[in-house]
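K.L.:
After the sequence you'll find the predicted model.
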Amino acid sequence: MQQRFEPKLSADERARRLSRWHRAVERARDWAREDEEAAGSKTP
């Protein structure tokens, strides 16, 4: 059995979702950076 993927999203919808995904990834990176900076500023 062989299946073929056929996207159903329009090009505009795909671009919108991809843009939002990129923003989410950048926010996650910012949170990770903030956590690293906070951990580095603590003194034992």
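P.N.:
That came through, no problem.

K.L.:
Return the backbone torsion pair for the spatially most central residue of the chain.
P.N.:
Most central in the chain under CA atoms, centre = their mean is V25, positioned 2.6 Å from the mean C-alpha point. Taking degrees, to the nearest 10, you get phi -60, psi -40 for the backbone angles of V25.

K.L.:
what residues are up against it?
P.N.:
Contacts for V25 (CB atoms under 8 Å, 6 or more residues apart in numbering) come out as none. Any C-beta I mention is one placed from the backbone N, CA and C, and that applies to glycine too.

K.L.:
For the remainder of this discussion, apply numbering that starts at 260.
P.N.:
Let's use 260 as the start, then, which means that last one is V284.

K.L.:
quick one: it from R275, how far?
P.N.:
As judged by CB to CB, to the nearest Å, V284 and R275 stand 15 Å apart.

K.L.:
What of W290?
P.N.:
23 Å.

K.L.:
ok, back up a step: ok, now how distant is the residue nearest to the centre of the chain from L277?
P.N.:
Distance from V284 to L277, counting by CB to CB: 11 Å.

K.L.:
what does R288 give?
P.N.:
Distance from R288 to L277, by CB to CB: 17 Å.

K.L.:
May I have the secondary structure class of L268?
P.N.:
coil (DSSP: H, G, I helix; E, B strand; the rest coil).
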